[in-house]
Structure formats: structure tokens, C-alpha cells
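Novice: Take a look and give me a structure for this.
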Amino acid sequence: MNQSKENSPSGLDLQRSEINFSFRDNNYKGYLVAPSVEQGLRPLVLIFHNYQGLKFFELDVAEYLARLGYVGLAADLYGDLVPPHQRLWPENEQLVPAFRKRCFEALVSLDHDHEKFRALLKIWLEKGLESPFVDKTFAPAAIGYCFGGMAVLECIRSGLDVGGVVSFHGLLQTGEDPSAAKSGAMRPPLKLCENNYNTGAVVLVENGAADYLVTNESKERFFAEMNEAGVDWNFHDHSGTPHGFALPPTLGPSGHLHENSDRRSTMNMLSLFKEVFPGVPQNHVDRNAAGTTIPV
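Specialist: The predicted model follows:
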């Protein structure tokens with residue numbers, strides 16, 4: 001783990017670290033940002049990326065969370081399958097089909113192998129808890145965007161010890177992404193494994209009501225699944241809001257920032273953190289990682 005210390009724009013001292021490990025013949029690198037130890041230990045929040053892989057946006061989210069007063073860990077779920085320099089939307093349109101195919105094949109390698117997916121999520125949780133900046137008396141939280149929203153729900157289904165999760169425009173069922181089929185990605189046989197639901201966590205789903213990837217049938221199945229398992233869930237449908245509403249346009253076509261929905265969903269996330277991390281001071285930060293203004 002490599003570490004560096006810098007001052008944040010909010011005046012807080014922030015500690016930045018790299019986390020590297022190998023898993024099943026693949027190499028992963030994540031980034032952790034934390035308030036300095038002089039400010040006390042803080043709860044961990046895992047951050048899972050959209051289908052493009054870990055890039056600048058998730059690092060910005062980790063910075064935002066650290067400025068709020070938490071330890072943000074931007075976790076890499078693709079490793080070498082999508083090299084870091086190939087995770088941004090190509091400027092050359094001729095390269096887009098290959099880019100989409102590469103990213104979706106990395107996604108499918110996880111969402112079609114539930115045991116592998118959940119094992120990797122568990123490693124990231126364990127790596128985050130090894131940080132000397134983390135208050136281990138709190139079960140961590142996990143947030144995710146699109147594919148990352150699917151990942152946080154797999155944390156719940158696999159029984160990982162998290163206190164709360166937030167899915168931003170994520171799919172509700174794992175291994176059923178219609179976009180992957182359109183991309184030409186290889187779709188291996190679906191490998192299921194037994195669910196062991198974490199019924200002590202709070203699940204928060206922030207969904208765009210105009211998200212074509214989340215149908216009414218998908219919602220009903222999700223509600224029934226969570227109810228049968230005894231999971232505490234909240235589902236917010238944001239009117240007139242598309243898929244990718246919390247992602248900035250700087251990500252390319254994946255970013256369909258809808259500021260009102262992004263603002264409200266961020267405020268819902270902050271409220272959840274106050275619930276699952278009681279007594280932990282939460283700083284006010286004027287703008288979130290997408291640049292949306294957050295009121296006091």
C-alpha cells in the first residue's frame with residue numbers, strides 16, 4: 001500500500017493510499033482516501049464503478065466521501081481485463097465498439113459467476129478494513145453506480161458484513177443486463193450460488209423512473225425477493241430520470257447527469273450514512289463528485 005498526504009480543498013488533511021492485490025490470475029488496484037488519523041478513525045465506505053471500470057470519477061467520489069468525514073475506497077472489479085488506460089470513452093468513434101465489448105465482457109465475467117463476483121467483493125471489504133484509518137466498530141457501507149449498483153446488492157445477497165448499501169441506477173438482478181447482449185459480449189453459462197442475505201443492513205436504491213434497464217417486472221421481482229428474505233429496503237423512483245443520472249457528462253455517453261435527481265439521491269445517501277454511522281460527524285461539502293450542488 002502506497003500512501004501520501006495532502007490538503008483537501010475543504011481544509012481537511014486527507015490521506016491517500018493505493019491498494020494492490022492479485023486474485024485468480026488478475027491484478028487489481030484501488031484507491032483509498034481518508035481523513036488523517038489526527039481527526040480520528042472513521043467508517044469505511046466502498047465505492048463500486050459502472051461498466052467502464054475504475055477511473056477518475058470513482059476516485060472523485062472517494063475524495064468527496066473523505067471530505068464528508070468517511071474513509072472512501074474506490075474498488076477495482078475488472079483488474080487487467082480492462083487496463084486503466086482503456087477505461088475512458090474513446091474520442092475516436094471507430095474505437096467505441098471494441099471499447100464497449102471489452103468493458104461488457106469484463107462485466108459478464110463477474111455477473112455470470114456469482115461465486116467469483118462475491119469473493120472479489122469480500123476481498124475488497126477485507127482490504128478496506130485493514131486500513132489504519134478505518135473505525136472497525138462500524139460495519140462499512142457500500143455504494144455503486146450502474147454495474148456497481150448491482151455489486152452492492154450482491155454484497156447483501158452474499159451476507160457480507162455491511163451496515164448499509166446505496167445503488168445509483170443499478171440493475172436489480174445479477175446476470176440479466178440487456179446492454180451486454182447488444183454489445184456483442186460473450187455470455188458464458190450463468191453460475192449461481194446460494195444466497196445468504198444480510199438482513200441487518202439497510203438497502204437504498206436510487207432509480208431513474210425513465211431507466212429502460214429497470215422494468216416494472218424487474219422492480220416487482222426485486223421487491224418480492226427482498227421481502228421474502230427479510231431485508232430492510234427503500235426504493236426511490238426519480239421522475240423523468242434516465243439511466244446514468246448520477247454520472248457526469250465528462251464520462252462520455254455513460255454520463256446522463258440529472259441534477260435534481262442526483263442532488264436528492266445524494267441527500268438520501270447522506271441520511272443513510274447518519275443512520276448506519278450514528279454519532280459520526282458528517283461535514284458539509286458544497287458539491288458532490290459529479291459537481292452537483294448539495295444544500296446545507
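Novice: In contact with G291, which residues?
Specialist: G291 sits next to 248, 257 when contact means C-beta atoms under 8 Å, 6 or more residues apart in numbering. Glycine gets a C-beta too; all of them are placed from N, C-alpha and C.
Novice: and the gap between it and F57?
Specialist: To F57, G291 is 11 Å away according to C-beta to C-beta, to the nearest Å.
Novice: Quick check: neighbours shared by the two?
Specialist: With C-beta under 8 Å, 6+ apart, G291 and F57 have common neighbours P248.
Novice: can you map out the strands along the stretch 101-250 of the chain?
Specialist: 141-145, 164-168, 202-208, 232-238 (DSSP state E, counting those that start in this stretch).
Novice: most packed of the ones you listed?
Specialist: strand 141-145 (a mean of 29; mean count of other C-beta atoms under 10 Å).
Novice: Listing partners with orientation, what would you give for that one?
Specialist: Paired strands of strand 141-145, with direction, are strand 44-48 (parallel), strand 164-168 (parallel) (DSSP bridges).
Novice: Next, the angle from the last one to strand 232-238.
Specialist: The directions of strand 164-168 and strand 232-238 differ by 20 degrees, with axes from the mean of the first three to the mean of the last three C-alpha atoms, to 10 degrees as the criterion.
Novice: got the CA coordinates for strand 164-168 in PDB?
Specialist: Provided in PDB are the C-alpha atoms of strand 164-168 (Å, rounded to 0.1, in the frame of the first residue of the first chain):
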ATOM      1  CA  GLY A 164     -26.000  -0.200   4.500                       C
ATOM      2  CA  VAL A 165     -25.700   0.000   0.700                       C
ATOM      3  CA  VAL A 166     -26.800   2.500  -1.900                       C
ATOM      4  CA  SER A 167     -27.400   1.600  -5.600                       C
ATOM      5  CA  PHE A 168     -27.400   4.500  -8.000                       C
END
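Novice: Looking at the strands paired with strand 141-145, spot the one closest to F117.
Specialist: strand 44-48 (10.8 Å; C-beta to C-beta).
Novice: how far is the closest one from where the chain is centred?
Specialist: In terms of C-alpha atoms, centre = their mean, to the nearest Å, the gap separating the centre of strand 44-48 from the centre of its chain is 7 Å.
Novice: I'd like the average pLDDT over the next helix or strand after it.
Specialist: Heading C-terminal from strand 44-48, the first helix or strand you meet, by DSSP states H and E, is helix 56-68. On average, the pLDDT along helix 56-68 is 98.
Novice: what residue ranges in the stretch 151-296 of the chain score low on pLDDT?
Specialist: Scanning the stretch 151-296 of the chain with the threshold set as pLDDT under 70 gives 177-186.
Novice: Contacts only, for V134.
Specialist: Contacts of V134 by C-beta under 8 Å, 6+ apart are 34, 41-44, 71, 128, 140.
Novice: Go through the residues you listed and name the one nearest N234.
Specialist: For these, the nearest to N234 is P140 (18.7 Å; C-beta to C-beta).
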